[in-house]
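> Got a predicted structure here, sequence first:
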Amino acid sequence: MEIELKKVGIEYLEILVDLRIEFIKDIHPEIDLQLLEKIQKSTLTYFNDLLNNNSYIGFIGINNNGEVICTAGLLIYYLPPLNNEDYRKIGHVLNFYTKPAFRKKGIGLKLMNYIKDTATDEKINRLVLNSTKMGFSMYKKAGFIEPEDKAMLIDLC
């Protein structure tokens, strides 16, 4: 399948938010419409702030019919120096989503490779992500590994 992948900014804010909401509905179908509307409003503010601060890079994929069929984003942050004097620039992959009708066609892998190329160009040292069960094998194909040091979480709210 032919697909145009592009890096996008604030001019695609509404599309990035709409696809984020589709992603949420896909992984949390139990969320009611009233809560989704609140999430959409907060997400609009979130992306707007990050895009305006150059802390987020949006990505979309467009098919031959001009339809946006996939999306992802990179939240960019820095960690302190570790084994040299340089800050470590991290890209956290978020909102990785392909519309259901276009899954299992290699589109996700193409998008991830595009993100990796962009991250390299942006001098990002490391990409990290959280994976759903559905995306796990594709991320492994794209070269992601499970680190020996396991992440630990605690939900405080």
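Arrived safely. Just so it is clear, the model here is predicted, and its values are computed rather than measured.
> And the helices in this structure?
Using DSSP state H, the helices of the chain run over 13-27, 33-52, 107-121, 133-141.
> Let's have these in JSON lines, adding distance to residue 91 and mean neighbour count.
For the C-beta atoms, the positions are set from N, CA and C on the backbone; glycine is no exception. Shown next, in JSON lines, are these (distance: least, C-beta to C-beta, whole Å; neighbours: other C-beta atoms under 10 Å):
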{"stretch": "helix 13-27", "distance to residue 91": "16", "mean neighbour count": "17"}
{"stretch": "helix 33-52", "distance to residue 91": "13", "mean neighbour count": "14"}
{"stretch": "helix 107-121", "distance to residue 91": "5", "mean neighbour count": "17"}
{"stretch": "helix 133-141", "distance to residue 91": "14", "mean neighbour count": "14"}
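> Distance to residue 149 for the ones you listed - can I get that in a markdown table?
Compiled in a markdown table, the helices of the chain are given as follows (distance: least, C-beta to C-beta, whole Å):
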| stretch | distance to residue 149 |
| --- | --- |
| helix 13-27 | 26 |
| helix 33-52 | 27 |
| helix 107-121 | 21 |
| helix 133-141 | 18 |
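> Those: lowest mean pLDDT?
Least confident of those, judged by mean pLDDT, is helix 133-141 with a mean of 89.
> residues in contact with it?
By C-beta atoms under 8 Å, 6 or more residues apart in numbering, the residues outside helix 133-141 that reach it are 96, 108-109, 112, 129, 131.
> For residue 112, give its distance to residue 66.
Relative to residue 66, residue 112 is positioned 22 Å away (C-beta to C-beta, to the nearest Å).
> Settle this for me: residue 3 is touching residue 65, isn't it.
No. Under the criterion of C-beta atoms under 8 Å, residue 3 is not in contact with residue 65, lying 11.0 Å apart.
> Just tell me which of the helices of the chain ends up closest to residue 156.
Closest approach to residue 156 among those is made by helix 33-52 (18.2 Å; C-beta to C-beta).
> Give the other helices and strands that the closest one contacts.
helix 13-27, strand 56-63 (3 or more C-beta pairs under 8 Å, 6 or more residues apart in numbering; DSSP states H and E).
> Other residues contacting it?
Under the criterion C-beta under 8 Å, 6+ apart, residues 9-10, 13-14, 16-17, 20-21, 24-25, 31, 56, 58, 73, 75 lie in contact with helix 33-52.
> for stretch 4-19, same thing?
With contact meaning C-beta under 8 Å, 6+ apart, stretch 4-19 is reached by 40, 43-44, 47-48, 51-52, 57-62, 68, 71, 73, 95, 97, 110-111, 114, 118.
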